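K.L.:
Sequence first, predicted model second:
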Amino acid sequence: MDKLLIEGGRPLEGTVRISGAKNAALPAMAAALLTSDRVELDNVPRVRDIITMGRLLAHMGAVVETPEIPPTSMIFQAETLNGAEAPYELVKTMRASILTLGPLVARCGHARVSLPGGCAIGARPVDLHLKALEQMGAVIGMSHGYVEATAPGGGRLPGGRVYFDKITVTGTENILMAAVLAKGETIIENAAREPEITDLADLLIKMGADIQGSGTSTIRVQGKEKLHGAKHTIIPDRIEAGTFLVAGAITNGQLKLTDCAPEHLTSVIAKLRETGADIREAGPGTLVVRGGKKLVAADVCTEEYPGFATDMQAQFMALATQAEGTSTITETIFENRFLHASEMIRMGANISIDGRRAVVHGPTALSGTNVIASDLRASASLVLAALVAQGETVIDRVYHIDRGYERIEEKLAAVGARIRRV
Ligand code: EPZ
């Protein structure tokens, strides 16, 4: 099991290219199941979850190609599917496998997908996905840890009015992909508004879908008989960009981020500026972050987009340990997303947790030690803490970070970090 060794204390300086968004690429890959034509995606990040999703699609009978050039493209063709099933062995390693449920029911009239277990940050049920499919006319059954969804008579989903009791990102994506091949109109209320939803809708529209309102709380879809192939470039990863903005601020350095989408980071940039980080747009798709000024405490409450992203909460907590004053961090999306706090406390941070609220007093000197990553974004926050800690930090279970960050140690070493994988 790989570990990352990081010697802290050096300001990061240089340019980082931001990769494509994992959380946009995963639904886009699942969307390839909706047509027998070829779908080509570019700017796909080479991260573990993408490899797992590729394996899952291949298991179902899709042809999955990963050409060497360009290194970030992938080609899919689901001409014939040998089984509308997502097996436990693959689903257990990646909960986003649930994203094949909607497309499979839409394309094949039925689907059998293993229920994803919970994960470190919460139970993460999929009840809202299933309730929404029922509202579209699907019949839902559960057996032996699998969910089975069937369109009436195994034919086409009728479509209908779907209301989400809670905003769910992959729930919205699943229903959007089910609706594009449904018989009639589907209206999705209380839909998620993340940029990844809009990117998925853009791909589906290129494939011939009729979608209005993506990126708003109400999405209207007119179902089509068939969709055709398309070529699409995945949006930049706003969470990777946010993570590197924090890296520049916490190490008091100067980083230029290229190929990013500042317009997807409005709330994160506003909050980081509030702590004193100097962040400027420097041309299309380019951000520059400078440390320099003293960091001051700020309060954060995670919200669905366009609010402050829960996927940036752990990274902000690392920054808060170095900010003057008391920062209050409230996590409203997941019930157990402070696992990184205990590891930061072992490094010297002053953090107290009370349910969904964390209170961070700073600045505190952090010292390197052995820490264990628990989930994707927690591991990113430990890397950030290690970059500013005195001495060496050894981060174990870095497979968590490999799920969502492409070659993170290469990108960090290229801007001056003393980091290596062992
Ligand atoms: C997506 O997860 C992202 N994953 C997560 O990113 C992200 O943290 C999350 O959205 C919130 O932004 C992908 O896009 C692959 P939700 P998702 O459904 O869709 C509850 C990362 O770091 N809920 O929006 O699974 C749920 O428990 C990952 O890249 C139900 O109760 O999140 C949570 O409390 C981590 N029932 C809340 O809703 C359901 O059926 C929001 O979850 C579905 C969700």
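P.N.:
Arrived safely. A quick note: this is a predicted structure, and the numbers were derived from the prediction, not measured.

K.L.:
got a list of what the closest residue to the ligand within the stretch 201-350 of the chain touches?
P.N.:
Residue of the stretch 201-350 of the chain nearest the ligand, by CB to the nearest ligand atom: D311 (4.5 Å). In short, each C-beta sits where N, CA and C put it, glycine included. Going by CB atoms under 8 Å, 6 or more residues apart in numbering, D311 touches I239, G242, R377.

K.L.:
Hmm, the second one is touching A270, no?
P.N.:
No: judged on CB atoms under 8 Å, G242 makes no contact with A270 at a distance of 11.7 Å.

K.L.:
what about these two, which has more around it?
P.N.:
G242 (29 against 12; other CB atoms under 10 Å).

K.L.:
Mind pulling the model confidence for the more buried one?
P.N.:
We have a pLDDT of 98 for G242.

K.L.:
Equivalent analysis for T93, please.
P.N.:
For T93, the pLDDT comes out at 86.

K.L.:
how about the closest residue to it other than its chain neighbours, phi and psi?
P.N.:
Nearest non-adjacent residue to T93, counting by CB to CB, 6 or more residues apart in numbering: T52, 5.6 Å away. The phi and psi values for T52, taken as degrees, to the nearest 10, are phi -60, psi -40.

K.L.:
follow-up on the earlier one: take the contacts of D311 and lay them out in TSV including secondary structure.
P.N.:
Formatted as TSV, these follow (DSSP: H, G, I helix; E, B strand; the rest coil):
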residue	secondary structure
I239	helix
G242	helix
R377	helix
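
K.L.:
Can you narrow those down to the ones near the ligand?
P.N.:
Checking the contacts of D311 against the ligand by CB under 6 Å from any ligand atom, the ones in range are R377.

K.L.:
For this protein, list the residues in contact with the ligand, please.
P.N.:
23, 26, 96, 122, 124-129, 166, 168-171, 310-311, 333-334, 376-377, 404.

K.L.:
What would I type in PyMOL if I wanted to highlight the buried members of those and nothing else?
P.N.:
A single PyMOL command selects the buried members of these (16 or more other CB atoms under 10 Å):
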select buried, resi 23+26+96+124+126+128+129+168+169+170+171+310+311+333+334+376+377+404
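
K.L.:
Give me the neighbour count for the residue nearest to T93.
P.N.:
T52 has 18 nearby residues by other CB under 10 Å.

K.L.:
contacting residues for it?
P.N.:
L90, T93, M94, S97.

K.L.:
So which of these belong to strands?
P.N.:
Using DSSP state E, no member of the contacts of T52 falls in strands.

K.L.:
among those residues, who's most crowded?
P.N.:
S97 (25 neighbours).

K.L.:
Quick check: that residue touching G117?
P.N.:
No: under the criterion of CB under 8 Å, S97 makes no contact with G117, lying 11.2 Å away.

K.L.:
one step back: just read off the phi/psi values of the residue of the stretch 201-350 of the chain closest to the ligand.
P.N.:
Here D311 shows phi and psi, under degrees, to the nearest 10, equal to phi -70, psi 0.

K.L.:
hang on, T218 packs against I187?
P.N.:
Yes: shown here, T218 and I187 form a contact pair, counting by CB under 8 Å, at 6.7 Å.

K.L.:
Please identify which of these two sits among more neighbours.
P.N.:
In this view T218 and I187 are compared by other CB under 10 Å, and I187 has more residues nearby, 17 against 11.
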